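Student: what would the 3D arrangement of this be:
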Amino acid sequence: MTKRVSIVGDSFTKNLHHATSFSFDESKCTFQLEFRPDMPKLLLVGIMERTCRATIIREIPGITECFQSREKGKTEVKLTTNGSNFQGLWQFSAGSEESILEEDDIYSNDIYAILKTYGVEMARAAILREMGSVFGAYKIQVDQRHLELIADYMTFDGGYRPFNRQGIAANSSPLLKASYEMTASFLSDATLYGDYDDLSTPSGNIVLGRPNLSGTGVFDVVMPVAAVA
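Tutor: This is a model prediction of the structure:
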């Protein structure tokens, strides 16, 4: 450590001819600057503040800010970051002799990053967790099976499909797409390109006032004619 401090100090004083001394440890950095008496006065405080904000001591690419918090009654410190980089966090944790990160507790609300890092099953679990957090914040009770259906639809093809008009545009049913958003746009596109609806979706049947061809609508209840007579 002493040799490293000496090397850094020599490099600092060599590249900055106003510097006369330089030292640092784990908590602070100290250096001295000397200027000629006839040199115009400078307000070094503002210069130092701007320089410190632009100087990178150590960083994890993709993470721009980090906030520290502690839950009431608990000793663990929680770090919340702006941005995500799982590989960078792993390297940061592995690079220190005593890691300050619990790798099993790392989580992100970046669904795409989770998909690329941990796979589609973890992405599905993250979608369920995020939807549950949104409804839970407003005390809205939603059956877990409904949330699982949404998460399954978004990830059933092994990727990450957005649950919005861009994601639903890949569906083959023009009536289903028109029943969600941008009704005029989807119907005009279907007319322009000669598209058709085979009425295999619940939304398509509801639009035309037909029974849904799923659940109890899959079969018909037929009474025996002889019994009626």
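Student: now the helices for this protein?
Tutor: 2-15, 44-54, 86-95, 111-118, 120-137, 144-155, 165-168, 174-178, 183-192, 202-207, 225-228 (DSSP state H).
Student: any stretches of the chain with poor pLDDT?
Tutor: Residues of the chain meeting the criterion pLDDT under 70: 1-2, 95-99, 227-229.
Student: can you tell me the closest non-neighbouring residue to the spatially most central residue of it?
Tutor: Nearest residue to the geometric centre of the chain (CA atoms, centre = their mean): residue 110, 1.4 Å. Closest residue in space to residue 110, ignoring its immediate chain neighbours: residue 84 at 4.5 Å, by CB to CB, 6 or more residues apart in numbering. Yep, even glycine has a C-beta here, placed from its N, CA and C like the rest.
Student: what does residue 24 give?
Tutor: Using CB to CB, 6+ apart, the closest residue to residue 24 is residue 5 (6.5 Å).
Student: and residue 9, what is it in contact with?
Tutor: 21-23 (CB atoms under 8 Å, 6 or more residues apart in numbering).
Student: could you rerun that using 7 Å?
Tutor: By CB atoms under 7 Å, 6 or more residues apart in numbering, residue 9 lies in contact with 22-23.
Student: go on, residue 65?
Tutor: Applying CB under 7 Å, 6+ apart, the residues near residue 65 are 81-82.
Student: burial check on residue 5, number of neighbours?
Tutor: Per other CB atoms under 10 Å, the neighbour tally for residue 5 reads 13.
Student: repeat for residue 149
Tutor: 11.
Student: and it, how close does it get to residue 188?
Tutor: Per CB to CB, to the nearest Å, residue 149 is found 30 Å from residue 188.
Student: and residue 80, by the same measure?
Tutor: With CB to CB as the criterion, residue 80 and residue 188 are 45 Å apart.
Student: quick one, which of these two is more surrounded?
Tutor: residue 188 (13 against 9).
Student: re earlier: wait, the residue nearest to residue 110 sits on residue 112?
Tutor: No - look at residue 84 against residue 112 with CB atoms under 7 Å: they stay out of range, at 9.4 Å.
Student: more neighbours: these two, which one.
Tutor: Taking neighbours as other CB under 10 Å, residue 84 and residue 112 compare with residue 84 leading, 19 against 12.
Student: ok, that one - contacts?
Tutor: So residue 84 contacts 62, 108, 110, 113 (CB under 7 Å, 6+ apart).
Student: go again using 8 Å as the cut-off
Tutor: 62-63, 108, 110, 113.
Student: so how far is residue 185 from the residue nearest to residue 24?
Tutor: 65 Å.
Student: repeat that for residue 109.
Tutor: Distance from residue 109 to residue 185, by CB to CB: 30 Å.
Student: in the record's domain split, what are the boundaries for the protein?
Tutor: 2-54, 61-106, 109-163, 173-229 (automatic domain parsing).
Student: run the chain-centre distance for the last one.
Tutor: If I follow you right, that is domain 173-229. 36 Å (CA atoms, centre = their mean, to the nearest Å).
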